[in-house]
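Chemist: sequence and predicted structure are below.
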Amino acid sequence: MADLAAPSSTVERNCLLILVVIASAVVAYVLADILTPPALALFMAIVIDSFARAITRRLKWVSRAAAIPLAVVLSILLFGGSLVVIAENAASLAAKLATYTPQLNDLLARGAHLVHAHNVPTMTDVLAWLNPAKYLGDIAKSVQGFASNGVLILIYLGFILASKRGVERKLISLSKSRTERQSATEVFLRIRDSVEQYLWVQTLTGLIIGGVSWLTMALIGLDNAVFWAFLIFIASYVPIIGGAIGILAPPLFAMVQFGEFWQAGLIAGVLASTHFIVGNVILPRMQGDSLNIDPVVVLLSLAFWGAIWGVTGMFLSTPLTVIAMVICAQFEGSRWLAVILSANGTPDRLSGRK
């Protein structure tokens, strides 16, 4: 009888775990507007803390107390600089688009000729058909929502950074013994290291893709090559989807600028090859070696979190999945799920780490 009771208990725990996952997903979806700002703020707090520790390692004369404010200032400068680059180049690109009307009309005429269409449309006809004015309201609302969420995220970030020491003391108070306290600390450090290594992997691969893309577009003579390379670098933080955006946008504008197809085809070929090599060879190997997460799980987590939290979920999909794997590995009833999520079947540690 004892032998029969154990599997029944295991089945009950697994069923309960599945129900908890489903309920958590439903709650996360329903409360997306409430949960996404603090989630992004917590992610930014981990990034700033990592930045501060990197500063103290590189600059021995900077104290830990001064490293956090310095990391915050540097992060704001980097973020502000990114916005300036995007704004200036976007304005320049918009101004140039007005001069591309003859090329666009020529491309439309050639495209209509290829499909043997009798009525050749012009850009005026296309704009009248698309009626972009009706989308301006939605765009304005999206920008307003982004701005308000940005302010809310900064408020959350300030409170998280201010309450950091208090959270550490609370964790110590909740631990009943030194062993529990040490175990909780190890879990926290694994989560922190996982997020840091995820950022390192995405930044390094993004720089590779962005660098190759800029060199290709600059050699061909595409306008705003720095702008496109920067957008490709930013989009690389969103797995899979970001790469698709980076492949499609520059070739389309190359056709508009040059009025020929070979420049666009060359840019598309180089960008697609670069994304394929980095996405299928370099990135999976780096993610497997550093995050210990299965590449297939990365794809599934992108779809899962994207369906729940949209673009924010896509951006945070890999860190959230790694965090879930680390937490599930701490409990016997959910350890099987952590094993499935891991790349090497050993979720208790990062690959290559003891």
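Modeler: Arrived safely, thanks for sending.

Chemist: looking at the protein, which helix or strand is least sure?
Modeler: The element with the least model confidence among the helices and strands of the chain, by mean pLDDT, DSSP states H and E, is helix 123-130, at a mean of 58.

Chemist: C-alpha coordinates for the helix or strand harbouring residue 256, CSV please?
Modeler: Under the assignment given by DSSP states H and E, the secondary-structure element containing residue 256 is helix 241-258. Once non-C-alpha atoms are left out, helix 241-258 reads as follows in CSV (Å, rounded to 0.1, in the frame of the first residue of the first chain):
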residue,chain,number,x,y,z
ILE,A,241,10.8,38.9,-33.4
GLY,A,242,13.4,41.6,-33.1
GLY,A,243,15.6,39.9,-35.7
ALA,A,244,12.7,39.7,-38.2
ILE,A,245,12.1,43.5,-37.8
GLY,A,246,15.8,44.1,-38.3
ILE,A,247,15.9,42.1,-41.5
LEU,A,248,12.8,43.7,-43.2
ALA,A,249,13.0,47.4,-42.5
PRO,A,250,16.4,48.5,-44.0
PRO,A,251,15.9,46.6,-47.3
LEU,A,252,12.5,48.3,-47.8
PHE,A,253,14.0,51.8,-47.4
ALA,A,254,16.9,50.8,-49.6
MET,A,255,14.4,50.1,-52.4
VAL,A,256,12.9,53.5,-51.8
GLN,A,257,16.2,55.3,-51.7
PHE,A,258,18.0,53.6,-54.7
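
Chemist: against which helices or strands is it packed?
Modeler: helix 101-114, helix 178-220, helix 225-235, helix 262-277, helix 295-328 (3 or more C-beta pairs under 8 Å, 6 or more residues apart in numbering; DSSP states H and E). For the C-beta atoms, the positions are set from N, CA and C on the backbone; glycine is no exception.

Chemist: out of the ones you listed, nearest to residue 57?
Modeler: helix 178-220 (12.4 Å; C-beta to C-beta).

Chemist: between the helices and strands packed on helix 241-258, which one is nearest to residue 15?
Modeler: Nearest to residue 15, of these and by C-beta to C-beta, is helix 295-328 at 15.5 Å.

Chemist: neighbours around residue 249, how many?
Modeler: Using other C-beta atoms under 10 Å as the criterion, residue 249 is surrounded by 15 other residues.

Chemist: related to what we said a few turns ago, got the angle between the helix holding residue 256 and helix 295-328?
Modeler: Inter-element angle recorded for helix 241-258 and helix 295-328: 140 degrees (by axes from the mean of the first three to the mean of the last three C-alpha atoms, to 10 degrees).

Chemist: which residues are in contact with the residue nearest in space to the middle of the chain?
Modeler: For the chain, residue 315 is the residue whose C-alpha lies nearest the centre (C-alpha atoms, centre = their mean; 2.8 Å). When contacts are counted by C-beta atoms under 8 Å, 6 or more residues apart in numbering, residue 315 touches 237, 238.

Chemist: residue 251 versus that one, what's the distance?
Modeler: Shown here: residue 315 relative to residue 251, a distance of 25 Å by C-beta to C-beta, to the nearest Å.

Chemist: what do you get for residue 244?
Modeler: When C-beta to C-beta is the yardstick, residue 244 and residue 251 sit 12 Å from each other.

Chemist: more neighbours, these two?
Modeler: Counting neighbours by other C-beta under 10 Å for residue 244 and for residue 251 shows that residue 251 has the greater number, 22 against 13.

Chemist: ok, now how distant is the more buried one from residue 192?
Modeler: Distance, residue 251 to residue 192, using C-beta to C-beta: 40 Å.

Chemist: so residue 60, which of the three states?
Modeler: coil (DSSP: H, G, I helix; E, B strand; the rest coil).

Chemist: so what's the residue count around it?
Modeler: Other residues within reach of residue 60 by the criterion other C-beta under 10 Å amount to 7.

Chemist: separation between it and residue 67?
Modeler: From residue 60 over to residue 67 (counting by C-beta to C-beta), the distance is 11 Å.

Chemist: also residue 51?
Modeler: Distance of residue 51 to residue 67, given as C-beta to C-beta: 8 Å.

Chemist: just residue 54 next, same as before
Modeler: Relative to residue 67, residue 54 is positioned 9 Å away (C-beta to C-beta).

Chemist: so between these two, which is more surrounded?
Modeler: For residue 54 versus residue 67, the count of surrounding residues by other C-beta under 10 Å is larger for residue 67: 20 against 13.

Chemist: SS state for the more buried one?
Modeler: Strictly by three-state DSSP, residue 67 counts as helix.

Chemist: how about the nearest residue to it, chain neighbours excluded?
Modeler: Taking C-beta to C-beta, 6 or more residues apart in numbering, and ignoring the residues beside it in sequence, residue 67 has residue 52 as its nearest neighbour in space, at 3.9 Å.
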